[in-house]
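Undergrad: Sequence and predicted structure, then a few things I'm wondering about:
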Amino acid sequence: MLFIGLMSGTSADAIDAALVSLAEDDLEIIDYRQYPLEAGLQKSLRGINPSSPIEAISELDCLLGRCFGQAALALLDANGTGADQVRAIGSHGQTILHLPLATPPLTLQIGDPNLIAGLTGITTIADFRRADMAAGGQGAPLAPAFHAWKFRSNRVNRVVLNIGGIANITILPCTPQEEVRGFDTGPGNTLMDAWIQQCMGRNYDEQGRWAATGNLQQELLKLMLSDPYFSAPPPKSTGKDDFNLAWLAGHTDKTGSSCRAEDIQATLLELTAASISDAVSTSAPGTSEMLVCGGGIHNTVLMQRLQFLLPGIAVKSTGDYGVNPDAVEAVTFAWLARQRLENIPANLPSVTGAGKAAVLGAIYEPG
């Protein structure tokens, strides 16, 4: 069966779209593309904050829903595939709020699925996180169930590392009796992206080249790593509500010394690498292989630091195991859409902390 997976990450710069053929125990990515969001829409999405008026958020919900629908149609057109050949679209949307420890826990993704279904004529599944939260979980990360389905081995202990705006790991023991575990390790690209956007007007630090020109600031790194999130036990998840430029400024102010912008970028890169390696070393000490996906895999300096900090682990790409590392998250939501239509629980309580397994997502018919 054909499914489409759609999502927009923390950077809010593009829509990831994957056309996927799903069999019972394997998949084929027919096509994967990124559809950039218009600069003004990017700016509006990045500017959402707790004081943003509800009218502005509702307008963005509609605008983004249309963008998601148009991305799905463009993907189908590029492949000569009719909408009637696609069983469903799984749309994660754009996360604008994720506060799993609030009372009550809060999460919000926008990109109106009614508009996606209406534009494409395809059944659309969305709102994947809140069913897990209703069951007492954190609503994230959700990818570990897919990672276990696709990448678990009965020979070696693996970790799947996704480096998006936020980094998360999935721990896949080779022993079938052991539970799959996983959690957000902390910032992936989000702080590095935000800092280079502010300082250089660029969306991201290509291959980590700007960071490579800076000098690591050990005092600043130590201060940032002292944030309670890093030492908190899982289950845990986070987002740019926690890790943002205001958070960074609070730590740079504490050092009482000035440093160059590129030095801060170098230190933010090391923060990502160190927090990931600490999480793997502490929570998955028997790991033999780490399969990396997400935009961070293209940051050459970051990947070099991860291999240096985890010398006993073979750091690979999910591409080595049949899934384009850029496409993994979009493919995940295609897979989650199938799980929803088949009424199969797709959260992992051992990951999210939910009290029970839950069927995730709401179904929106085209009418």
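TA: Cool, the structure landed.

Undergrad: Quick check: mean pLDDT of the lengthiest strand in the chain?
TA: Criterion DSSP state E: the longest strand present in the chain is strand 86-99. For strand 86-99, mean pLDDT is 97.

Undergrad: just checking, what packs against it?
TA: In terms of contacts (3 or more Cβ pairs under 8 Å, 6 or more residues apart in numbering; DSSP states H and E), strand 86-99 is packed against strand 2-8, helix 54-79, strand 106-110, helix 113-120, strand 124-126, helix 328-341. No exception for glycine: its C-beta is placed from N, CA and C like everyone else's.

Undergrad: Can you classify Ala131 by secondary structure?
TA: What DSSP: H, G, I helix; E, B strand; the rest coil gives for Ala131 is helix.

Undergrad: what's the neighbour count on it?
TA: Taking other Cβ atoms under 10 Å as the criterion, the count of residues near Ala131 is 20.

Undergrad: And for Leu108?
TA: Around Leu108 there are 17 residues (other Cβ under 10 Å).

Undergrad: what sits against it?
TA: With contacts defined as Cβ atoms under 8 Å, 6 or more residues apart in numbering, Leu108 is in contact with Thr95, Ile96, Leu97, His98.

Undergrad: Name whatever forms a beta bridge with the third one.
TA: In this case it means Leu97. On the basis of DSSP bridges, Leu97 is bridged to Leu108.

Undergrad: sorry, back to before: return the longest strand of the chain as CSV; C-alpha atoms alone will do.
TA: The C-alpha atoms that make up strand 86-99 are tabulated as CSV, following Å, rounded to 0.1, in the frame of the first residue of the first chain:
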residue,chain,number,x,y,z
VAL,A,86,-2.6,6.4,-1.9
ARG,A,87,-4.2,4.9,1.1
ALA,A,88,-3.5,7.7,3.5
ILE,A,89,-1.3,10.7,4.4
GLY,A,90,0.3,10.9,7.8
SER,A,91,1.0,14.5,8.7
HIS,A,92,3.0,15.4,11.8
GLY,A,93,2.5,19.1,11.2
GLN,A,94,4.7,21.8,12.7
THR,A,95,5.2,21.7,16.5
ILE,A,96,4.8,25.2,18.0
LEU,A,97,4.5,24.1,21.6
HIS,A,98,5.7,21.1,23.6
LEU,A,99,5.6,21.2,27.4
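
Undergrad: and it, how far out from the chain's middle?
TA: Its chain's C-alpha centre and that of strand 86-99 lie 11 Å apart, by Cα atoms, centre = their mean, to the nearest Å.

Undergrad: what's the answer for stretch 360-367, then?
TA: The answer for stretch 360-367 is 22 Å, by Cα atoms, centre = their mean.

Undergrad: and it, average pLDDT?
TA: Averaged over stretch 360-367, pLDDT sits at 96.

Undergrad: So which residues of the stretch 201-350 of the chain form strands?
TA: Assigned by DSSP state E, counting those that start in this stretch, the stretch 201-350 of the chain shows strands spanning 289-293, 314-317.

Undergrad: most packed of those strands?
TA: Counting by mean count of other Cβ atoms under 10 Å, strand 289-293 has the highest mean neighbour count of the strands of the stretch 201-350 of the chain, with a mean of 23.

Undergrad: Now a PyMOL select for only the buried ones of the contacts of Leu108.
TA: This is the PyMOL syntax for the buried subset of these, where burial follows 16 or more other Cβ atoms under 10 Å:
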select buried, resi 95+96+97+98
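
Undergrad: Switch the helices and strands packed on strand 86-99 over to CSV; also include distance to Met200 and mean pLDDT.
TA: CSV is the format used below for those (distance: least, Cβ to Cβ, whole Å; pLDDT from 0 to 100):
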stretch, distance to Met200, mean pLDDT
strand 2-8, 22, 98
helix 54-79, 26, 98
strand 106-110, 28, 96
helix 113-120, 34, 98
strand 124-126, 35, 98
helix 328-341, 26, 98
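
Undergrad: circling back: now the strands of the stretch 201-350 of the chain in TSV, please, with extra columns for mean pLDDT and distance to Arg181.
TA: Output for the strands of the stretch 201-350 of the chain, formatted as TSV (pLDDT from 0 to 100; distance: least, Cβ to Cβ, whole Å):
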stretch	mean pLDDT	distance to Arg181
strand 289-293	98	15
strand 314-317	97	20
